[in-house]
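**Student:** Sequence first, predicted coordinates after that:
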Amino acid sequence: MKFSKSKFIKLSQQRKVNKLLQFINEIEINWNNESMRNDLIDEFEKCLKLMDEDFFYQIANNLKRDNLRLFLRSIMPIEQNVNINKRDYDLNIIIKKDGIREASKQPIYLILDELRSAFNIGSIFRSAECFGIKEILLTGYTASPDNAKVEKTSMGTANLVKWQKLETTQKAIDYLRAKKVTIYAMETVAGAKSIESVNLQFPCAFILGNEALGISEQTLALADEILQIPLSGWKNSLNVGVTAAICCYEASKQHKS
């Protein structure tokens, strides 16, 4: 993916943005090929600087090349803040039974550890509200309900769930430790216990990791226990929004029993 300066400048603003998103995708796909990765990042950086806006220029000057997590952090403002013609969730669902139950909160927390998709974040807010989750902690570049996409995909629940934004997952864990909350990390690693076989200790919190990268080893080491959802299929992982819903259900079930 290479563009001459004159060719790129002639593109419309939306097409320029689309090209930047294509670069991000290609860089991720080829991350383990160091030579190709660096060539792509070089071209990506050039295109960022050709956008002729401080917003993109600052991102170009802060690109991270040696660590995928850091690279994603450095480019996340593009995905979260530019006008992208991509509908995450465009359904206007009317649910006539909303509000018929008396809402109550349970001693269950969710930590969203640098999630990338506004659709997933909004979906988690929706599940959290349905199950009466006490609070959602958003860490790193995880978008908040202040983001229009999250607000839309949460289907009106974002203002019904307590949440706060924290710089790191470590700070989120420290905040919960002070409340004597048991921390469970949801990850498919060796030694992880099945969530349905563990007697959850309340109050409790579930760490839900990045869609592509999962939870870092450093964060896993901070958890009291590592849990997983037992699966029977060929695929070894679930969408993070689905995982969150299952955690909310299992914790809610155990707390009420």
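**Tutor:** Received it, and whenever you're ready, just let me know what you need.
**Student:** ok, for residue 163, nearest residue in space, not its chain neighbours?
**Tutor:** Leaving aside its chain neighbours, residue 163 sits nearest to residue 136 (4.3 Å; criterion: CB to CB, 6 or more residues apart in numbering). No exception for glycine: its C-beta is placed from N, CA and C like everyone else's.
**Student:** contacting residues for residue 60?
**Tutor:** 45, 48, 49 (CB atoms under 8 Å, 6 or more residues apart in numbering).
**Student:** Top of these by number of neighbours, please.
**Tutor:** Using other CB atoms under 10 Å as the neighbour test, these are led by residue 48, with 22 neighbours.
**Student:** so what secondary structure elements neighbour the helix or strand harbouring it?
**Tutor:** Using DSSP states H and E, residue 48 falls within helix 34-50. If you count contacts as 3 or more CB pairs under 8 Å, 6 or more residues apart in numbering; DSSP states H and E, helix 34-50 packs onto helix 5-9, helix 13-29, helix 54-61.
**Student:** now that helix and helix 13-29, what's the angle there?
**Tutor:** 160 degrees (axes from the mean of the first three to the mean of the last three CA atoms, to 10 degrees).
**Student:** what residues does helix 34-50 touch?
**Tutor:** Here helix 34-50 makes contact (CB under 8 Å, 6+ apart) with 1-3, 5, 8-9, 16, 19-20, 23-24, 26-27, 30-31, 56-57, 59-60, 63, 65, 71.
**Student:** tell me which residues in that helix are buried?
**Tutor:** The neighbour-count check on helix 34-50 (16 or more other CB atoms under 10 Å) flags 37, 40, 41, 43, 44, 45, 47, 48, 50 as buried.
**Student:** quick check, nearest of those to residue 162?
**Tutor:** Among these, residue 48 lies closest to residue 162 (CB to CB), at 36.8 Å.
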